[in-house]
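Asks: Give me a model of this one.
(one chain, ligands or ions: 1)
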Amino acid sequence: MFRQKTINARLGAGLVLWLAVSVCLTGCGQTADDQSADQAVEAAPPPSILIRNGTAVTSEGHQDVDIRIIGETISEIGELAPVPSDTRVIDAKGLLVLPGGIDAHTHLRAAEGFDVVDDYETGTRSALAGGITTVGHMGVDLSGSLLPSQLIEQESALINAEALADMFIHYTVFNPSDAVVSGFPELIAAGQPSIKIFMPHQVGAPFPFPYDDNLADFEKVFLAAASAGLRVAVHAEDADVIRTAVARLTDAGNTTLESYAESRPVQAEVTAVEHAIEMAERTGASIYLVHISTAEAIETAAQDSDAEVFVETRPIYLHLDESRYAAADGPLYVSAPPLRTLEDQDAVWAGMANGTIDTIASDHLGWTPEQKMDPEQTITSFLAGSNNMQVMLPMLFSEGVNGGRLSLERFVELTATNPARIFGMYPMKGTLAVGSDADIVLWDADEERTIRNEDILSNSGFSIHAGAEVTGWPVLTLRRGEVVYEEGKVTAERGSGRLVARKPIGG
Ligand SMILES: [Zn+2]
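Replies: Modelled structure (predicted):
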């Protein structure tokens, strides 16, 4: 696959060093005098945690090894004995030791006219409980007045105040003004080298600019992103195909959400994917197609192309199908694009296994059941999306790994390593390697659970997967060396999460 080749080439010599047993932790190259001066300043050594007897998994393989963490970082991997400076020894016998999950696509906090009930605190709390230690948020300014660097500054302050997980921000382009577009290089300087753009008209956007009516604006954004070194996350649905389907359904009097799947047909996604790839080829932009849902779009994105194209899907397409819209609680499952057929579901699973899909992300949106079930909604006016961060990994592990559809290594690649690579965080995040951030999840592959609304930590207070029985569950989560979830409780403090400083494309 072109995509896989690109990733592997980019990795180059950065592959994981499995058994790097000794490493220079502090004071390398310093004289004894320098070191004693450092020690005089540092009162207490950083805490040291030893994880023993577990099976560590990366995208490269799995192996029974011990992992020592000093401070925020993995310091040793191998056969390790406890030492007196270990502040805690964790016995991981019978458990998997996984890199912390990275959910690259969420909408965690409200904005004017966009009244989701989560914020960075409740959203990231649900992430940690589900084995996710790093969260990408689509930064939105519905007033259209904030320049890219101003938006990052605003979100950064909120992350420092509220977040429990580490975070990164994609600047959402709702207003492709010259001032916004010429501010793209500032996103590189701010360590946030990615933007998001919607091809269909987005409900609530201040400057709706569907792709097909605004080719020049899209081209301007893609060109500027390519020249600045930003990756472009693209919501690929074609506005014109949707308009035609909606008009036909409206003429027939079918405007309730029972007709939701028909109102956004497969062709809307396929046409948009074709256009996005064509524009990426023409402008040199690197694109990341979010929440791809259909067999045909996966096939289209996998075709040989001169463009760099990454593909994300989201959990709903793996676990649910369009028959849900006929049920009484159908509006709970409304997302854009909609749920699809069982054939599409099989194709998404196949893409997850064979590499034509690169990542899975929750697209978490914290609506309450009351908001989602509002009877006034129609096929042109609805709330899309649902909260899903907390149960995304257990659902995927249960049906994917335990269901025999994904290897352990592929699970880690889809949920941690690839998002880290694509969004400029590898190998600091997304793997288990000496020198990497100690973002680690201890996972019990055999634990059986039923997903229950009362366990959901998002302020939404429910799960679209409630009642599902899963096998495989996170037992303990570390974020940068700190135990932030254990015995069913999130222990991280509000504001202990950080904005991750990311590298630009190719950096
Ligand atoms: Zn989204």
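
Asks: Residue 163 reaches residue 119, doesn't it?
Replies: No - using CB atoms under 8 Å as the test, residue 163 is too far from residue 119 to be in contact (9.2 Å). All C-beta spots, glycine's among them, are computed from the backbone N, C-alpha and C.

Asks: In terms of packing, which of the two has more residues around it?
Replies: Shown here are residue 163 and residue 119; by other CB atoms under 10 Å, residue 163 has more neighbours (27 against 18).

Asks: which ones are touching the nearest residue to that one once chain neighbours are set aside?
Replies: Nearest-residue entry for residue 163: residue 497, 3.1 Å, with adjacent residues in sequence omitted and distances by CB to CB, 6 or more residues apart in numbering. Contacts for residue 497 (CB atoms under 8 Å, 6 or more residues apart in numbering) come out as 120, 124, 159, 162, 163, 164, 165, 166, 167, 479.

Asks: Return the distance of the nearest residue to residue 236 once chain neighbours are set aside relative to residue 212.
Replies: With sequence-adjacent residues excluded and distances taken as CB to CB, 6+ apart, residue 236 is closest to residue 272, at 3.8 Å. Distance, residue 272 to residue 212, by CB to CB, to the nearest Å: 9 Å.

Asks: longest single helix anywhere in this protein?
Replies: Criterion DSSP state H: the longest helix present in the chain is helix 266-283.

Asks: With just CA atoms, put that one into PDB.
Replies: Extracted in PDB, the C-alpha atoms of helix 266-283 (Å, rounded to 0.1, in the frame of the first residue of the first chain):
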ATOM      1  CA  VAL A 266     -22.800   6.200  -0.200                       C
ATOM      2  CA  GLN A 267     -22.200   8.300  -3.300                       C
ATOM      3  CA  ALA A 268     -21.900  11.500  -1.200                       C
ATOM      4  CA  GLU A 269     -18.900  10.000   0.500                       C
ATOM      5  CA  VAL A 270     -17.400   8.500  -2.600                       C
ATOM      6  CA  THR A 271     -17.700  11.600  -4.700                       C
ATOM      7  CA  ALA A 272     -16.200  13.700  -1.900                       C
ATOM      8  CA  VAL A 273     -13.300  11.300  -1.400                       C
ATOM      9  CA  GLU A 274     -12.500  11.500  -5.100                       C
ATOM     10  CA  HIS A 275     -12.600  15.300  -5.100                       C
ATOM     11  CA  ALA A 276     -10.400  15.500  -1.900                       C
ATOM     12  CA  ILE A 277      -7.800  13.200  -3.400                       C
ATOM     13  CA  GLU A 278      -7.800  15.000  -6.700                       C
ATOM     14  CA  MET A 279      -7.300  18.300  -4.900                       C
ATOM     15  CA  ALA A 280      -4.500  16.800  -2.700                       C
ATOM     16  CA  GLU A 281      -2.800  15.600  -5.800                       C
ATOM     17  CA  ARG A 282      -3.000  19.000  -7.500                       C
ATOM     18  CA  THR A 283      -1.900  21.000  -4.400                       C
END
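
Asks: Need the contact partners of that helix.
Replies: If you take CB under 8 Å, 6+ apart as the criterion, helix 266-283 is touched by 199-200, 211-212, 218-219, 222-223, 226, 232, 234, 236-238, 240-242, 245, 285-287, 289, 292-294, 296-297, 300-301, 305-309, 337, 340, 344.

Asks: ok, of these, which come out buried?
Replies: 199-200, 211-212, 218, 222-223, 226, 232, 234, 236-238, 241-242, 245, 285-287, 289, 292-294, 296-297, 300-301, 307-309, 337, 340, 344 (16 or more other CB atoms under 10 Å).

Asks: Which of those fall within helices?
Replies: 218, 222, 223, 226, 241, 242, 245, 296, 297, 300, 301, 344.

Asks: any idea what sits nearest the first one, other than its immediate chain neighbours?
Replies: Spatially, and ignoring its direct neighbours in sequence, residue 218 is nearest to residue 211 (5.5 Å; CB to CB, 6+ apart).

Asks: contacting residues for the one you found?
Replies: Taking CB under 8 Å, 6+ apart as the test, what residue 211 contacts is 199, 200, 218, 238, 239, 272, 275.

Asks: any shared contact partners between residue 272 and residue 212?
Replies: Contacts common to residue 272 and residue 212, judged by CB under 8 Å, 6+ apart, are residue 238.
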